[in-house]
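Engineer: pasted the sequence and its predicted model underneath.
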Amino acid sequence: MSMEMKNGTSVQEFTLEGFPAVQHLGKILFLVHLLAYLASIAGSAVIVTITCADSRLQTPMYFFLSIFSFFECCFTSAVIPKLLVIFLLGKQMISFAACFIQAFVFVFLGAAGFLLIAVMSLDWYLAICKPLHYMTIMNLRTCHLLVTACFALGFTRITGLVVKVSQLSFCGPHVIPHFFCDLGPLIHLSCSDTRSVETFLFVLALCVLLTSLMITITAYSNIVITIIGLPSAKERQKAFSTCSSHLIVLSLMYGSCVFIYMKAKQVNRLESNKEAALVNTVVTPLLNPVIYTLRNKQVHQALRETMCRVKISD
């Protein structure tokens, strides 16, 4: 795919800058990021598999977690394999079509993921603060509707934005100062008037992030109030431990995305965005399976029983 320019030239590919300052450590960085990637994929795959295989985990909470884990697998797989190729082989070229497909998948899954986090926060709030009404509200139909809504909202909003960016003119340079095709760096490469597209990106990021963040903050605030009211000190300690772990990961996710997408153009430093993007694409996908599910006793028991069944069948 190519884009015809006003000056008669065409853009057929971009160059991903990656991390030129540490490119001499390419093989070491390749190994580190490969291990992190495989660990995050394995953790998410375990969650999805166990949730589907064990009837005791087929509850709204684990249903949302399995969908979120699947999103995480796709999210990291949209970015990390190309980064591994850059580290190992130094191949930084990416076609115009592949670049915009990567940008679409990354931003779409990111937006849908944040909306799903808000849904998961509401689910946990209902389970802890409204236990008597929980099963009535969070039935199977409601769960499917909420996931579909996250998917549909993310898809419809991001599609329009990516189409607008793809219609911009790119006269050069064609070097993207990033390790993957993100919309911000692509917009900065354009020689078109990008003010309307930048405003669209900012408003969209503001709506998705703030909506998700406000729902999450409200849900966790009510959860903390409920936890404080628990009669048992042991129960309070256990609940606060789980809650604080969630909040650490959520802070990394929201903080990195706010840093990347919600800055004015004149103070936007693309170089610093790469480090924030690494947190969002490498660190949090690695932590999420551990924080959200693999520390859970129900999951541990389901894993042990599954492993025992596998050994017996062998």
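Structural biologist: Done, it's in.
Engineer: for stretch 41-56, what is the average pLDDT?
Structural biologist: For stretch 41-56, mean pLDDT rounds to 85.
Engineer: identify the residue nearest the geometric centre of this protein.
Structural biologist: With distances taken as Cα atoms, centre = their mean, the residue of the chain nearest its centroid is residue 110 (4.3 Å).
Engineer: assign a three-state SS to the residue nearest to it when sequence neighbours are not counted, would you?
Structural biologist: Leaving aside its chain neighbours, residue 110 sits nearest to residue 75 (6.5 Å; criterion: Cβ to Cβ, 6 or more residues apart in numbering). Yep, even glycine has a C-beta here, placed from its N, CA and C like the rest. Assigned with DSSP: H, G, I helix; E, B strand; the rest coil, residue 75 falls in the helix class.
Engineer: show me where the stretch 51-200 of the chain has its helices.
Structural biologist: 60-77, 80-89, 96-129, 131-137, 140-166, 183-189, 195-228 (DSSP state H, counting those that start in this stretch).
Engineer: residue 16 pairs with what?
Structural biologist: Counting by DSSP bridges, residue 16 is bridged to residue 176.
Engineer: I'd like the numbering to begin with 45 instead of 1 from here.
Structural biologist: Fine by me, first position is 45 from now on; the one you just mentioned is residue 60.
Engineer: tell me the contacts of it?
Structural biologist: Contacts for residue 60 were tallied using Cβ atoms under 8 Å, 6 or more residues apart in numbering; they are 126, 130, 136-138, 220, 222-225.
Engineer: please redo it, this time with the cut-off set to 7 Å
Structural biologist: 130, 136, 138, 220, 222-224 (Cβ atoms under 7 Å, 6 or more residues apart in numbering).
Engineer: now those residues as CSV including distance to residue 303 and neighbour count?
Structural biologist: Listed next are the contacts of residue 60 as CSV, based on distance: Cβ to Cβ, whole Å; neighbours: other Cβ atoms under 10 Å:
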residue, distance to residue 303, neighbour count
130, 22, 24
136, 24, 19
138, 24, 21
220, 18, 23
222, 14, 22
223, 16, 22
224, 16, 23
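Engineer: what about the strands in the stretch 245-358 of the chain?
Structural biologist: Shown for the stretch 245-358 of the chain, no strands are assigned by DSSP state E, counting those that start in this stretch.
Engineer: low-confidence bits of it, can you list those?
Structural biologist: Judged by pLDDT under 70, the stretch 245-358 of the chain has its weakly predicted residues at 286, 307-316, 336-342, 344, 350, 353-358.
Engineer: the same query, at a cut-off of 90, please.
Structural biologist: Applying pLDDT under 90 to the stretch 245-358 of the chain picks out residues 245-246, 249-250, 253, 267-358.
Engineer: what about the closest residue to residue 331 other than its chain neighbours, neighbour count?
Structural biologist: With sequence-adjacent residues excluded and distances taken as Cβ to Cβ, 6+ apart, residue 331 is closest to residue 293, at 5.2 Å. A count of neighbours around residue 293, defined by other Cβ atoms under 10 Å, yields 18.
Engineer: wouldn't residue 293 be in contact with residue 335 here?
Structural biologist: Yes: counting by Cβ atoms under 7 Å, residue 335 is a contact partner of residue 293 at 5.0 Å.
Engineer: before we move on, the earlier item: how near is the residue nearest to residue 331 to residue 302?
Structural biologist: Counting by Cβ to Cβ, to the nearest Å, the gap between residue 293 and residue 302 amounts to 15 Å.
Engineer: cool, residue 295 as well?
Structural biologist: Using Cβ to Cβ, we find residue 295 at a distance of 10 Å from residue 302.
Engineer: who has more neighbours, the two?
Structural biologist: residue 302 (16 against 11).
Engineer: pretty sure that one contacts residue 253?
Structural biologist: Yes: with contact defined as Cβ under 7 Å, residue 302 reaches residue 253; the gap is 6.2 Å.
Engineer: contacting residues for residue 124?
Structural biologist: For residue 124, the contacting residues are 77, 81, 325, by Cβ under 7 Å, 6+ apart.
Engineer: what's the answer for residue 201, then?
Structural biologist: Contacts of residue 201 were listed using Cβ under 7 Å, 6+ apart, and they are 155, 248.
Engineer: surely residue 231 touches residue 240?
Structural biologist: No: checked against Cβ under 7 Å, the pair residue 231 and residue 240 is beyond contact range at 10.6 Å.
Engineer: of these two, who's got more company?
Structural biologist: residue 231 (19 against 10).
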